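[1] have a look; sequence and predicted model below, questions after that.
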Amino acid sequence: MKRRPAAKPTPARWARIQLFAMDVDGVLTDGTVQIHSDGTESKRYSILDGLGLARLRLAGVALAWISGRNSGSTTARATELKIPHIIQGRIDKLAALQELATQLKLAPAQICYMGDDDIDAPAIAWAGIGVAPKTSMPAALKAADFIPSRPAGLGAVRLVCEQILAHRGQKAAS
């Protein structure tokens with residue numbers, strides 16, 4: 001695993017990003033899952049994050065969610081946001097990310113990956129820009145190049161989206 005650089009990623013590194021991939025639970029959510037008595041689950045997703053992802057998609061940045069759990073809630077939110085690459089039930093996040101990179105013909109430097117747990121750390125370290133929310137586990141934080149100031153599930157993803165858009169020469173807000 002790479003060491004975390006002393007400085008935040010440079011504008012040139014942000015400008016190279018063609019794929020923003022991320023874990024779901026603990027990144028797009030606060031990491032909690034509500035299991036109801038009928039066996040269904042629910043999660044809370046941030047509208048701030050959703051708008052950021054929609055803006056990236058419209059700007060031509062590929063988007064992917066890679067989750068260790070299979071979840072109907074994840075599928076429903078991804079469908080709503082038109083996320084084209086949904087990978088669920090994969091504990092080896094690095095292998096899943098590398099397979100997607102091969103499929104999309106992208107180099108690690110063109111990928112930003114955001115995760116929050118030990119199983120995300122190798123993918124965070126491998127990506128051109130690795131990101132971990134400030135509430136992440138130590139291994140993810142150590143592997144990260146960038147730690148957003150907002151917490152997971154409450155705008156952390158949006159801050160990454162804004163970094164990518166700003167350095168591609170596009171406005172983050174419209």
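    Cool, the structure landed. Numbers count the residues shown, from 1 in each chain.
[2] tell me the pLDDT at K8?
    According to the prediction, K8 has pLDDT 81.
[3] hang on, it is in a strand, isn't it?
    No: under DSSP: H, G, I helix; E, B strand; the rest coil, K8 falls outside any strand and is assigned coil.
[4] now do the closest residue to it other than its chain neighbours, the pLDDT please.
    Closest residue to K8 apart from its sequence neighbours, by Cβ to Cβ, 6 or more residues apart in numbering: F146 at 5.8 Å. Using the backbone N, CA and C atoms, a C-beta is placed for each residue, glycine as well. Looking at F146, its pLDDT is 96.
[5] and for F146, the neighbour number?
    20 (other Cβ atoms under 10 Å).
[6] contact partners for it?
    Going by Cβ atoms under 8 Å, 6 or more residues apart in numbering, F146 touches 8-9, 129-131, 160, 163.
[7] same thing but at 7 Å, please
    F146 sits next to 8-9, 129, 131 when contact means Cβ atoms under 7 Å, 6 or more residues apart in numbering.
[8] of the residues you listed, which is the nearest to I119?
    For the contacts of F146, the residue nearest I119 by Cβ to Cβ is V131; the value is 15.3 Å.
[9] out of the contacts of F146, who's the most crowded?
    Neighbour max across the contacts of F146 (other Cβ under 10 Å) = V131, 29 neighbours.
[10] all helices of this structure, in order?
    Here the chain has its helices, by DSSP state H, at 11-15, 47-58, 72-81, 93-104, 121-126, 138-143, 156-167.
[11] closest to I87 out of those helices?
    Evaluated over those, closeness to I87 peaks at helix 93-104, with 5.0 Å, by Cβ to Cβ.
[12] what are the buried residues along that closest one?
    Under the neighbour-count criterion of 16 or more other Cβ atoms under 10 Å, helix 93-104 has 93-94, 96-98, 100-101 buried.
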